[in-house]
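Trainee: following is a predicted model, sequence given first.
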Amino acid sequence: MAGAARARRNAPPREEVLAAAMNMIAERGLEKLTMAALGREVGMSSGHLLYYFHSKDELLLRTLEWSESRLGIARGRLLTRTAPARERLDAYVDLYVPDGHRDPHWTLWLEVWNRSQNADDDARDRQAAIEGAWHRDLVALLAEGISHGEFRPVDPDRFATRLRALLDGFSLHVAIGLRGTDREHVLAHVREFLDDTLGRAGLADA
């Protein structure tokens, strides 16, 4: 018991473990992320990792939450900078869409989504919190653009729901490497959609 307690005290900070898990996904793929492999990476036994995280599902969700917290900081910076709402909306989309096939963050998201079929209420609530943060920021940005006359008047909440559904669909195609759907084509499609639906020219038809 004393040895186990000493090992836990000498274990790396939890954030270091999560960062190592994310790096392993980026460098080796999700299939290589096992408790044993991660333990070797951070100098812990798989038993100690299970002490901290209880299951691989919990490890994956916490790693996703850690990654999302970093994205949330980046998103906050780009949304609060001094720039037209449309420019910040394009930056939001750019941050949302995967960098390419096997993007590590989206690879992790897809795995957590897949495992969520059997997740408990706490895990589902935590996943919803991640989605909710993206949604609230988008609604606020749309409302700002509408109030300043940069966007045609739409219901910000309903539009945000539909736009994120579009982004999720396109992002899935990019993340899995669907042929004929690369990141640049997706960004061009989304820009065209935003021009058609939010552009000032649409006011005449509103």
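Mentor: Perfect, thanks for sending it.
Trainee: rest of the way, CA atoms for contacts and neighbours
Mentor: Will do.
Trainee: what's the longest helix in the protein?
Mentor: With secondary structure taken from DSSP state H, the chain has its longest helix at helix 121-147.
Trainee: name the next helix or strand downstream of that one, please.
Mentor: helix 156-176 (DSSP states H and E).
Trainee: check the protein and tell me which residue is nearest its centre.
Mentor: E68 (5.3 Å; CA atoms, centre = their mean).
Trainee: how near is that one to D155?
Mentor: 26 Å (CA to CA, to the nearest Å).
Trainee: can you check V139 too?
Mentor: 9 Å.
Trainee: spatially nearest residue to F170, not counting backbone neighbours?
Mentor: V186 (6.4 Å; CA to CA, 6 or more residues apart in numbering).
Trainee: run the angle between the helix or strand where that neighbour lies and helix 121-147 for me.
Mentor: With secondary structure defined by DSSP H and E, V186 is part of helix 183-198. Per axes from the mean of the first three to the mean of the last three CA atoms, to 10 degrees, the angle that helix 183-198 makes with helix 121-147 is 60 degrees.
Trainee: show me what counts as buried in helix 183-198.
Mentor: Within helix 183-198, the residues that qualify as buried by neighbour count (16 or more other CA atoms under 10 Å) are 183, 186-187, 190-191, 194, 197-198.
Trainee: how about the CA coordinates for it, as PDB?
Mentor: Extracted as PDB, the C-alpha positions of helix 183-198 are listed here (Å, rounded to 0.1, in the frame of the first residue of the first chain):
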ATOM      1  CA  ARG A 183     -10.600  20.700 -46.200                       C
ATOM      2  CA  GLU A 184     -10.300  23.500 -48.800                       C
ATOM      3  CA  HIS A 185     -13.300  22.300 -50.700                       C
ATOM      4  CA  VAL A 186     -15.300  22.200 -47.500                       C
ATOM      5  CA  LEU A 187     -14.300  25.700 -46.400                       C
ATOM      6  CA  ALA A 188     -15.300  27.000 -49.900                       C
ATOM      7  CA  HIS A 189     -18.700  25.300 -49.600                       C
ATOM      8  CA  VAL A 190     -19.300  26.800 -46.200                       C
ATOM      9  CA  ARG A 191     -18.200  30.300 -47.300                       C
ATOM     10  CA  GLU A 192     -20.700  30.100 -50.200                       C
ATOM     11  CA  PHE A 193     -23.400  28.900 -47.900                       C
ATOM     12  CA  LEU A 194     -22.800  31.800 -45.500                       C
ATOM     13  CA  ASP A 195     -22.800  34.300 -48.400                       C
ATOM     14  CA  ASP A 196     -26.100  32.900 -49.600                       C
ATOM     15  CA  THR A 197     -27.800  32.800 -46.300                       C
ATOM     16  CA  LEU A 198     -26.400  35.700 -44.300                       C
END
